[in-house]
Each structure stands twice: as structure tokens, then as C-alpha cells.
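Enquirer: curious how this folds, go ahead:
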Amino acid sequence: MNFDQYIKRREKNLKDRFISQLSYLKTYKIEIPFNELINGIKNLYYWLPIIWSDKDYGEFDTFKILQSKLKKQLKSLEKFSFNTEFNFFGFYFFRRHYDVIDEDLKYLKIAINLMDKIYLNNSLDKEPYLRTYDEEWYEYHKTEWHFMPTDSNVVNKIKNLETSINRQRQMDSILEDKDFIPVDFDDVTMDVVNSLNYKGNMLMESNLVEDNLDTYFSQNKLLYKKLSRKSKSRVNIAMDISTAKSKKAKNLLYKILNEKVDRWSI
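Expert: As a prediction, the model looks like this:
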């Protein structure tokens, strides 16, 4: 190798080292820190309202944070579910691995929905108000609760006053061509109690408003057939069905998390 060749090779090596150094600085000192900054800002925007409202009350808040993470992970998986297949004259072609990606997304969505039905639907910030499995039987059996004095004379005055007010309201609705709206029983009770300056005991009484438990039983025939042998009370059977569905859903959720959580990554 003569001197000129040596100089050219050295210049080429210096140029390659310079380009390599620039590429390193561009990637690790500019692009990666910038992307991490943007990602951090996005995380603050996403997580700040969730963390702000977090409380240490129990499993509801725990699963609310976990579900929020899974929803964020689902969005990322749906966005980056394409893999590079091959390069053809500088053009990259992409193909989805449907057999893997779609199955992962399916179980991830099931886990998110199960958390709703087990823990999170009773959140008051949701509209309309939804029921968890433990509460869904309430939709088929509605009861009103009232505080009633233990003194029978006071009770009779309450009922007489309620009848009188409702009769007057019914007549007014006919004369004014309006819908009849019955008086609130609790308001009448408190008016009588206050007017009589009643200081005695009060008992809570229930009044059945709606009973559609047969519909609920028909929707859960197998569980009804199994659990109706243990109790004769329709309400207790409905509660047992709800509890059994909740327990079954919890077992399914924990099984999915145990077997699939390591698949939910980009």
C-alpha cells in the first residue's frame, strides 16, 4: 500500500466515524430524548385525571387503574399491529399476523369488559347508571323504603293525609288536563311527624314497586335450576344468581390475566 492509498483509506475511515458519530448523536441525544419527552407529556395528560381521583377505598380503585392501563395498551396494540414483512426496492410492505394479533386483542377487550361488569359499572360518574353482576338483579325487583313511626295513631294520620292530598291532586289533574303525580310518601310522613312534634321511634318499612324476577330467572335458566333448590325466597335466589355470575366472571378475568398478560405488548 502506497502513501496515497493510506491517506485515502484514513480519510474514508475518518468520514465513516464522523457520520457514525453524527448518527449516534442524532438518535440517542436528540430523537430518543425528544420522543421520551413527548411520551411523558402524553402520559401526564392521560393519567393525571385518573390519579387525581384515585382513592384507597378498595378493589374498585385498584381495578380502575388497571383497566385504564389495559385500555391504553389496547389502543397501542391496535395502532402498531402491523409487522414489516419484506423490502422490495426500497418499499416496505406490511402484513398483519391476524392469527396472533386478533386473538390477543380479543382477550384484552374481554378483560376490560369483565372489569366493568365485576367492579366498575357502579361508578356514579357513568351515564346511564350501569349494574355490575352483583347488582343486576335490582333491575328486575324494585322496592321503596320508608321510615314509619311506631305509633299507630300517627301512622293512620299519615295515611289519611296522603289519601287526601292524592285525591285533590287527581281532581286537579283532570280539571287542568295534566298528568297525575302522586305525593311523595316520605314528605307526607315528615310533615306529620314535624307537625305533631313526634319524638318516638321510627321503623324502616319496604314497599314492593316492581317484580320482574321471572324475566331474570328465564335469562339465567341453568343457574336458577341449580340455586332454586337451596332457597325458596325469590329475592335470595336472584341474589345468589348475581353472586354466582360475579364469581364466575372473576375467575375468568384472573385466568385471562394470568395466561395472556405477557402477550399484550408491542
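
Enquirer: domain map for this protein?
Expert: Following automatic domain parsing, one finds the domains of the chain at 1-52, 65-148+207-266, 151-200.

Enquirer: how many neighbours does L213 have?
Expert: When counting by other CB atoms under 10 Å, one arrives at 17 neighbours for L213. Just so you know, the C-beta spots here come from the backbone N, C-alpha and C atoms, and that holds for glycine as well.

Enquirer: that one against N236, yeah?
Expert: No - at 10.8 Å, L213 and N236 do not qualify as touching, with contact defined as CB atoms under 8 Å.

Enquirer: ok, now how distant is L108 from V235?
Expert: Per CB to CB, to the nearest Å, L108 is found 37 Å from V235.

Enquirer: just checking, W264 touches L77?
Expert: Yes - using CB under 8 Å, W264 is in contact with L77, at 6.6 Å.

Enquirer: list residues touching both of these two?
Expert: Common contacts of W264 and L77 (CB atoms under 8 Å, 6 or more residues apart in numbering): D104, L108.

Enquirer: what's the burial count for I158?
Expert: 21.

Enquirer: against K64, how distant is it?
Expert: In terms of CB to CB, I158 sits 43 Å off from K64.

Enquirer: K226 now?
Expert: From K226 to K64 the distance is 32 Å (CB to CB).

Enquirer: more neighbours, these two?
Expert: More neighbours surround K64 than the other of K226 and K64, with 17 against 13 (other CB under 10 Å).

Enquirer: isn't there a helix covering the more buried one?
Expert: Yes - counting by DSSP: H, G, I helix; E, B strand; the rest coil, K64 is part of a helix.

Enquirer: isn't there a helix covering A244?
Expert: Yes - assigned with three-state DSSP, A244 falls within a helix.
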